[in-house]
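In: whatever this is, show me its structure:
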Amino acid sequence: MRRPTQSVTHDELFHNLHVVHEALGKLPRQQDMKESTLSRYGASPYLKRFNNWNTTIEAYLRWRAARGRPEVSQQRPLPPPPQRPRPPQKHEASSHAHDDTYGAPMDFRGMRHEPTSRDGICFLFSKVHQELGIIVEYLRVGGYPDCETIRQAPQTKRYTKCFIAFEVNSSAFQRHLSRKERCDLLVCWEHDWPDCPLEVLSLKDVITKLQRAGDGSRSA
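Out: Numbers count the residues shown, from 1 in each chain. Have a look, this model is predicted:
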């Protein structure tokens, strides 16, 4: 039975959130707080104090950073959540001090070069997602999948939940095949894996269509 929350302190709420966070290995969603047998509280007391879940998570992360990694129990601290590994970067010759490399020229809405990293894919996606009928609700830093959105169905005009992963090439998603977390859409630059089990959105194809239609003004 969950205890009354009127007299519960912020520290108690955040410590409870920390327990669920460590058990899941990712930042909890509202539904996780309801379903987890480890949680002493549902999402309701957090929403009453912090208005929405994104604000709750931001406050929790500040609390966690201020205290390092607080122990979940006095007997045995849980390990920190696993960090999502980054793909190895190729070091190529460059005239810049930090050995920066660039993709082929593209000149799309202020972005001069094709993306060569997952961060570049995310940035480029931000320039077209509204035209694709996608509304971003939450971006995960170091989590999986990368992005929580709602997506409009062309037939009904209604929105449904859509979890997105970002990769430069669709074939890079093969390293996530063993994951059990829900993922609905793979957003990449180039679709090079015909057997990908997910729906794939190639930004290269999207931008080519927009530029042909004159809706992708090039930089001066």
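
In: just want the most central residue of this structure.
Out: residue 146 (2.4 Å; C-alpha atoms, centre = their mean).

In: what's the longest strand along the chain packed up against?
Out: Looking across the chain with DSSP state E, the single longest strand is strand 159-169. Applying 3 or more C-beta pairs under 8 Å, 6 or more residues apart in numbering; DSSP states H and E, we find strand 159-169 packed against helix 118-125, strand 147-152, strand 185-190. In short, each C-beta sits where N, CA and C put it, glycine included.

In: tell me which of these lies nearest to residue 159.
Out: Checking those against residue 159 by C-beta to C-beta gives strand 147-152 as the closest, at 4.1 Å.

In: from the contact counts, what lies against the closest one?
Out: strand 134-139, strand 159-169.

In: nearest residue to the residue nearest to the centre of the chain other than its sequence neighbours?
Out: Excluding the flanking residues, the one nearest residue 146 by C-beta to C-beta, 6 or more residues apart in numbering is residue 166, at 4.9 Å.

In: cool, residue 125 as well?
Out: residue 187 (5.5 Å).

In: okay, the one you found: pLDDT?
Out: Among the per-residue scores, residue 187 shows a pLDDT of 98.

In: contacts only, for it.
Out: Residues in contact with residue 187, defined by C-beta atoms under 8 Å, 6 or more residues apart in numbering, are 121, 125, 164-167, 201, 203.

In: report the buried members of these.
Out: Neighbour counting over the contacts of residue 187 (16 or more other C-beta atoms under 10 Å) leaves 121, 125, 164-167, 201, 203 as the buried ones.

In: show residues contacting stretch 169-185.
Out: 26, 87, 144-145, 151, 161-165, 167, 186, 188-193, 196-202.

In: residue 130: neighbour count?
Out: 10 (other C-beta atoms under 10 Å).

In: how near is it to residue 151?
Out: Distance, residue 130 to residue 151, by C-beta to C-beta, to the nearest Å: 11 Å.

In: can you pull the contacts of the residue nearest to the centre of the chain?
Out: Counting by C-beta under 8 Å, 6+ apart, residue 146 has contacts 118, 122, 139-140, 164-166.

In: how does this protein divide into domains?
Out: 1-82, 105-212 (automatic domain parsing).

In: just how off-centre is the longest one within its chain?
Out: Going back to what we said before, that points to domain 105-212. 11 Å (C-alpha atoms, centre = their mean, to the nearest Å).

In: for the residue nearest to residue 162 when sequence neighbours are not counted, name its beta-bridge partners.
Out: Excluding the flanking residues, the one nearest residue 162 by C-beta to C-beta, 6+ apart is residue 151, at 3.9 Å. Here residue 151 sits in beta bridges with residue 134, residue 160, going by DSSP bridges.

In: residue contacts, residue 151?
Out: 132-135, 159-162, 185 are the contacts of residue 151 under C-beta under 8 Å, 6+ apart.

In: which one of the domains of the chain has the lowest average pLDDT?
Out: domain 1-82 (a mean of 77).

In: show me how far that domain is from its chain's centre.
Out: Centre to centre, stretch against its chain (C-alpha atoms, centre = their mean), the figure for domain 1-82 is 19 Å.
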